Each structure stands twice: as C-alpha cells, then as structure tokens.
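# 3D model of this:
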Amino acid sequence: MDLKQLSGFVQVAELGSFTRAAAVLRVAQPALSRQVRALEVELRQTLFERNGRGVTLTPSGTRLLAHGRGILQQVQRAVQELEELRGKPTGLLSIGLPPTLSRTLTAPLVEGFRARFPGAGVSVVEGLTHYMLEWLVQGRIDAALVYNATPSSSVALEPVLEERLHLISARPAGRGAARPAPVALAELATRELVIPSRPHALRMRVETALAEAGLVPRVALEIESVGAMLALVQRHALHAVLSASALADHPAGEALQARPIQIAPRRPLTTSLSLATAAQRPRGPLLDQAAALLRQLVRAQAEGEAA
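Residues are numbered from 1 along each chain as shown. Below you'll find the predicted structure:
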C-alpha cells in the first residue's frame, strides 16, 4: 500500500464516484480505478460495491476509510512540522467548533489565522463535543473547543472559559431593556424546554444540575440545531438553555431574552469550555499559535458579552 493508492481510495470513498474523484485528483479515471483495484488485491478485501450510480463502501472499506484519513492527516502534519523548522508555518489545520460558537467565531478565526500565517491554511468544522473528541482521536481534526469534556489518555484538555448558562425565552411584550431576573433551578424545572438529545454536553449539564436538586427537566422537543431551537422558542412559547453567545447577532435576538440560571444565590449554572487536542500527537508551533489565537478570540467575545 502506498500513499497515492490510499489518497485515491479516500477521495473515491468521500465523493462516491471514481469519475468525480479522478477530476479532483487530476488523474485519468482508468488509472485511478487501477490504483484502487491494486489496493483491494493487496489487502485481499473488496472495498467498494460498484453500481451504475457510483460506488458505496463495504464494511471493510468503511473501516479502512477511518484509518486512511488519519494516516493522510499524520503525513500532512509531518510535512508541516518539517516546514516549520524553516521558520515559515505552512500546512493545513482543521479546527472543530461547537454550534453555539461557530457562527460568531468562524469569521474572526479565519481572518486572524490568515493574517498571522499567510503560508498556512485552516478549515473549520462544526460538530458536537462527543463527535469532535472522536474526530481528534481519529486524526480528522487538530484541535477543538469542547464543552464539559473529561480528560483521558487520548485527549488533552486546556480550560478556556466558564460560560454562564441562560434560560432563553420570548421577550414579554412591552418589556424594555431592563436586566432580566435570574432563574432558579425550581423555575427551570417547570419550563418546557427545547434541548439537545443525550449525550450532548449541554443536555447532560442541565440534567445533572437539576438531578442534584431533586428535579427533572420538562423536555418538549429534542433539537440539535441552535438556530432551530431559537426559532421554536420565538414561535411556540418554548424555552431553551444556552450561553448568551448563542444570541449574538442572531436575527431573532431582539425578540428573545436571556435570563441567567442560578444553582443558588451568587452561584450561576455554568458550562466548561476547553481546548482539546490529541494527547498522543506532538503539537507543532503552528498549532500552538493557532490555539493561542482561538483562546484570545473566545475570551474577547465573552468580555464583549459581559460589558
């Protein structure tokens, strides 16, 4: 097995077509087909089911795809680190952001990254915490901002921020810009919530806090999309539990209010935001500097919301 065969296989698997993969790789389609067939012969496995509409992965192909992506990422990182020894950061970093932050952080992150590292590239992937932790271990992303994650032998965590959680509701008619009153856990337990399904980090944090007080949430709908949650809150007299950043620059922001949730007086309900990286992979200078930029942007955004 060589890298050209592996790269060709991954492209075909991701695009579902030899023709489209050949166009992306700028090779002849018959040549690409021969590369993948040689890989199947070497591994003594059928990797694709071929049909008139394209190809689909077999169970063996699915397993190889997960490993193949990680191998190609590792090779890319090795080349990147060698380039960094010459004093000019290059290569491509892939950074994962949770949905509550991706809308407000993606643009400043990309702009700041391009200004600081003109010779390098960055891709931003949106995902839930438990998925992004898997992607880190698989080598699909280099770093991620995650909520309420538990340290492990495969993932290193650096605390970035403690975010306060708020009860998001439709703004009462005639209510001005006065600071909304805090929400006690007893009141939170009476509200019909639009909330992500388990094992979403936010869902687990809310359920744990209520359980410690002998309460359970009233779950009306299970929704993963922050935008959909806010739309349902606005239109159907439901409620959501989110950080205040979820309302930043949102079209429905003026019609909604965010009330801080308190576990006890002067003890807010918070969620822990951490920067996660793969513990088993070395961190090069580019990733270190990108991580510093990410921490700076998150804290600046939090300070702006608190002002």
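# Distance of Leu72 relative to Ser94?
Computed with Cβ to Cβ, to the nearest Å, the distance linking Leu72 and Ser94 is 12 Å. In this view, the C-beta of every residue, glycine as well, is placed from N, C-alpha and C.
# Glu212 too?
In this view, Glu212 and Ser94 are 37 Å apart by Cβ to Cβ.
# Between the two, point out the one with more neighbours.
With neighbours defined as other Cβ atoms under 10 Å, Glu212 and Ser94 compare such that Ser94 has more, 19 against 10.
# Can you name the residues that contact the more buried one?
For Ser94, the contacting residues are 73, 122-125, 140-142, taking Cβ atoms under 8 Å, 6 or more residues apart in numbering as the criterion.
# Tell me the one of these nearest Ala66?
Arg140 (8.7 Å; Cβ to Cβ).
# which SS state does the closest one fall under?
State at Arg140, reduced to three classes by DSSP: H, G, I helix; E, B strand; the rest coil: coil.
# pLDDT of the strand or helix carrying Arg69, averaged?
With the criterion set as DSSP states H and E, the secondary-structure element containing Arg69 is helix 59-84. For helix 59-84, mean pLDDT rounds to 80.
# Going by length in residues, pull out the top strand of the protein.
In terms of residue count, the longest strand belonging to the chain (DSSP state E) is strand 155-170.
# In that one, which of the residues would be classed as buried?
By 16 or more other Cβ atoms under 10 Å, the buried positions in strand 155-170 come out as 155-157, 160-161, 163-170.
# what about the strands in the stretch 1-150 of the chain?
When assigned using DSSP state E, counting those that start in this stretch, the strands of the stretch 1-150 of the chain occupy the ranges 48-51, 54-57, 91-97, 120-126, 143-147.
# Can you lay out those as CSV showing distance to Arg281?
Formatted as CSV, the entries for those read as follows, by distance: least, Cβ to Cβ, whole Å:
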stretch, distance to Arg281
strand 48-51, 30
strand 54-57, 26
strand 91-97, 12
strand 120-126, 17
strand 143-147, 11
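# which one of those lies closest to Leu242?
Between Leu242 and those, the shortest gap by Cβ to Cβ is with strand 143-147, which sits at 11.3 Å.
# Note down every partner strand of that closest one and its orientation.
If you go by DSSP bridges, strand 143-147 pairs up with strand 91-97 (parallel), strand 270-278 (antiparallel).
# I am finished for the moment; much appreciated.
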